[in-house]
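[1] I'll drop the sequence and a predicted model, then ask my questions.
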Amino acid sequence: MEYSLLEQLARSVKENRKAALVTLIEEQGSSPGKQGFMMVVFEDGSTAGTVGGGGFENKARECALECMNEGRNRLMELELDDSGELHMQCGGKASIFIKVFKEKERLIIAGGGHIALELYKTGKLLGFHIVIIEDREEYANPERFPDCDIHIGNIGECIRNYPLDRNCHVVIVTRGHESDTDALRASIGRGARYLGMIGSRKKTKYVFDLLLGEGCNRADIEAVYAPIGLDLGGDSAQEIAFSIMAEILLVKNGGQLKHMRN
C-alpha cells in the first residue's frame, strides 16, 4: 500500500498539483492509527491511505488542507480524549507531521519561436513549470520543448481555457501582432502575477488602445508589462529572453531594480 500511496503522491507532484503527506510519527496510549501510518491529501480534499480513520483522520485532513493553503509544513499533536477538540474516547495522544508539496511557479509562453525557446530553457533552469501555447505543431512538440505542457490550437482560445492565478507568469511572444493581441485579450484581468507582451512602443499603444475601445479595464491594461523585459542592452533571442526572465523574477520576488554595489 505504501508504494501505491507514494506513487500517487509522485504523480501529483509531476503533474504540478499541490498535495500534502500526513505521517503519524508518534502515538501514546490508545490511538486509531499506528506509528508510520501515512495519508496523502490532495488539493481537492480527496485522500489516499489512512492515519487511522474517524474524527482523528478527518481533523488531520483539515489541517493538511490548511497547510496547503498557507504553503507551510506543520508538526502537531492531537489529544484523543474528551479534553481535546476531537472529543474522542481513545484516551491517547498522536503526533502527526504534515509535509506540503507545493506547485511550481508556472511560466506560460504564448508562442513557440526563437525567443520562446530561449525562455523555455531559462525557465527550466530556474525551476518553473513550463506551458507552451502555439497554433503550429512544428513549433510546439516534445522534441522542441521536452518535459513541459504543450497546448496546440487557437492561441486565444487555449489561453482562455487555461486557469490563471497568482502562480502564473504569462509571456506573449507569438509570431504576429494579431495573435499577440488575441493572447493578451484572453489573459488580461484574470489574476496572473505577471503578464507581458513583446513589441515596440508603437505596437503596444495600438494594442492597448484597441482593447480599451473594446471595454477592457484601464487598470488591467496598465498592469501589463509591455514593451516586455528589462533594458539590458542586448538584442539576441537569448538576451531578450534573459531580460524577460529578469523582469519576471523582479516581480515574483518583489525585488528592487538597483546595483547591489550601491
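    Sure thing, it's come through.
[2] so where do the helices sit in the stretch 101-250 of the chain?
    114-125, 155-160, 177-187, 201-213, 218-222, 237-253 (DSSP state H, counting those that start in this stretch).
[3] right, and L232 touches E239 too?
    Yes - L232 lies in contact with E239 (CB atoms under 8 Å); the separation is 6.4 Å. Yep, even glycine has a C-beta here, placed from its N, CA and C like the rest.
[4] about what we covered before: save the helices of the stretch 101-250 of the chain as a markdown table, and put in mean neighbour count and mean pLDDT too.
    As requested, the helices of the stretch 101-250 of the chain are arranged in a markdown table below (neighbours: other CB atoms under 10 Å; pLDDT from 0 to 100):
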| stretch | mean neighbour count | mean pLDDT |
| --- | --- | --- |
| helix 114-125 | 20 | 97 |
| helix 155-160 | 20 | 97 |
| helix 177-187 | 21 | 96 |
| helix 201-213 | 14 | 96 |
| helix 218-222 | 12 | 96 |
| helix 237-253 | 18 | 96 |
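[5] What confidence value was assigned to the nearest residue to F42 once chain neighbours are set aside?
    Nearest in space to F42, with sequence neighbours left out and distances taken as CB to CB, 6 or more residues apart in numbering, is A19 at 5.3 Å. Here, the pLDDT recorded for A19 equals 94.
[6] May I have the residues that are in contact with A19?
    The contact partners of A19, taken as CB atoms under 8 Å, 6 or more residues apart in numbering, are 9, 12-13, 40-43, 68, 100-101.
[7] on that earlier part again, distance to D147 added to the helices of the stretch 101-250 of the chain, as a markdown table?
    Below are these laid out as a markdown table (distance: least, CB to CB, whole Å):
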| stretch | distance to D147 |
| --- | --- |
| helix 114-125 | 8 |
| helix 155-160 | 19 |
| helix 177-187 | 23 |
| helix 201-213 | 32 |
| helix 218-222 | 32 |
| helix 237-253 | 18 |
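[8] and of those helices, who's closest to E79?
    helix 237-253 (40.6 Å; CB to CB).
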